[in-house]
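Engineer: What would the 3D arrangement of this be:
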Amino acid sequence: MVHTPLALEISVASAAGARVARDGGAGRVELCSALEVGGITPSQALVEAVSAVGLPVHALVRCRPGDFVYDADEIALMAAEVRSVLAAGAQGVVIGALTEAGALDMEAMHRLIEAAHGAATAAGRPAELTLHRAIDQAADPVGTAELVPTLGLTRILTSGGALTALDGIATIADIVAAAPCIEVMAGAGVRPSDVSRLAAAGIAAVHLSAKRRAPARRGGGWVPMGIAGSSATADTHFVTDPRVVAAARAAVDAVDSALPRPGPGPGPGPRSRSGGAGPTSPGAVRGTDPPAGVHRRPGLRPLS
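Structural biologist: Next comes the predicted model:
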C-alpha cells in the first residue's frame, strides 16, 4: 500500500506567521489578510514578503467578507487579484463563488480559472487551484465536490458544511468519495487533537489557522474604530501560535507513522511533504493550455 504523507497547511496573515509555520514544520501556508473576518485577499506586497520565507504560498482570493455570491464587478476584481498574487510569487490561489441558489457559480469560476491560466502563462510555472469553503455554504456540498474535477482544480478546503471540520467529518468522508481525484483538505476549528480522526476520513491534508490574539499595544485611550467588539478585543489582532503549529506537526507525524495511507486515485501526481500536486498533476494550471475540463467559451475575454 502506498504511503502518502498527510500535509499540514497553516493559514497566516504575515511574514512573521509564515516563519512560525515554516519553523514549526508546516508544508505550505494559505495567505490572507484580516483573519478576524475569515480572510480576504492579501496585497501583492504581502504575497512577495511571505513568498520570501520559503514555503509554498497559496493566496486566498476573496474581495470582501460575507457571503460568496458576487456581482460582476467583484468577479472582475477577483480575477485581477488572481493575476496579481500569482505574479507576486504565490504558487496557488484559493477561490470560490456561489449563485444565490447555493450552486457553484460556474461563470465566475471559469473567469477566475482563466485569470489563473493567464498568470501561469506569464510566469512560466503551474499554479495550483483550491476551492475554498464556499463549498460549505453550498446547497449540496457533496454534489458540488463532484463538479470540481471538471474544473481542473487541485484541492478542496472544507469543514463538511459544519461549524468545525470534526462536526462535519461524515460529510467530509462523502466529499472524499465523491471526488477521488481531488485532494480534500479538512479545515475550520481544527485542533491538533482532531487530526487523527480527520485523517481516518481519507483526507489529504489538514488546515489550521493556529492563531492566538496578540494584545493591543496602544499607548492612549480606547476609541472604537468601526470594528465590533469590546475595548479588550477591538484593537487586538491574530498571530500564528508556534505551540499550536508544533502540536499540529506532531499530530500529523503520529498519523503518518501509525497509518499507512493509500495514494489518491488517478489524477494528482505524487505529493511532497507540502501535499502539493506533483509536477505532472493535471490539478495544476499550466502556462500552455487551459486546465483539463475547462474550455475557453465565446465571450469570455481576459481582463485587460
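Engineer: Show the residue spans covered by the strands in the stretch 151-300 of the chain.
Structural biologist: Remark: strands assigned in the stretch 151-300 of the chain by DSSP state E, counting those that start in this stretch are 155-158, 183-187, 205-208, 211-214, 237-240, 284-285.
Engineer: So which of those strands is nearest Pro5?
Structural biologist: Pro5 lies closest, by C-beta to C-beta, to one member of the strands of the stretch 151-300 of the chain: strand 205-208, at 9.5 Å. C-beta coordinates here come from the backbone N, C-alpha and C atoms, glycine included.
Engineer: Can you list the strands that the closest one pairs with?
Structural biologist: Partners of strand 205-208 in the sheet, by DSSP bridges, are strand 7-12 (parallel), strand 183-187 (parallel).
Engineer: Identify the residue nearest the geometric centre of this structure.
Structural biologist: Val94 (4.6 Å; C-alpha atoms, centre = their mean).
Engineer: Now do Val148 against Ser159, distance only.
Structural biologist: The gap separating Val148 from Ser159 is 16 Å, by C-beta to C-beta, to the nearest Å.
Engineer: what do you get for Gly38?
Structural biologist: Distance from Gly38 to Ser159, counting by C-beta to C-beta: 12 Å.
Engineer: go on, Gly27?
Structural biologist: In this view, Gly27 and Ser159 are 20 Å apart by C-beta to C-beta.
Engineer: Please list all residues in contact with the residue nearest to the centre of the chain.
Structural biologist: Applying C-beta atoms under 8 Å, 6 or more residues apart in numbering to Val94 gives the contacts 30, 58-61, 130-132, 157.
Engineer: circling back: let me have the strands of the stretch 151-300 of the chain in JSON lines, extended by mean neighbour count, distance to Asp67 and mean pLDDT.
Structural biologist: Formatted as JSON lines, the strands of the stretch 151-300 of the chain follow (neighbours: other C-beta atoms under 10 Å; distance: least, C-beta to C-beta, whole Å; pLDDT from 0 to 100):
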{"stretch": "strand 155-158", "mean neighbour count": "29", "distance to Asp67": "17", "mean pLDDT": "99"}
{"stretch": "strand 183-187", "mean neighbour count": "27", "distance to Asp67": "18", "mean pLDDT": "98"}
{"stretch": "strand 205-208", "mean neighbour count": "27", "distance to Asp67": "21", "mean pLDDT": "98"}
{"stretch": "strand 211-214", "mean neighbour count": "14", "distance to Asp67": "23", "mean pLDDT": "85"}
{"stretch": "strand 237-240", "mean neighbour count": "20", "distance to Asp67": "22", "mean pLDDT": "89"}
{"stretch": "strand 284-285", "mean neighbour count": "28", "distance to Asp67": "26", "mean pLDDT": "65"}
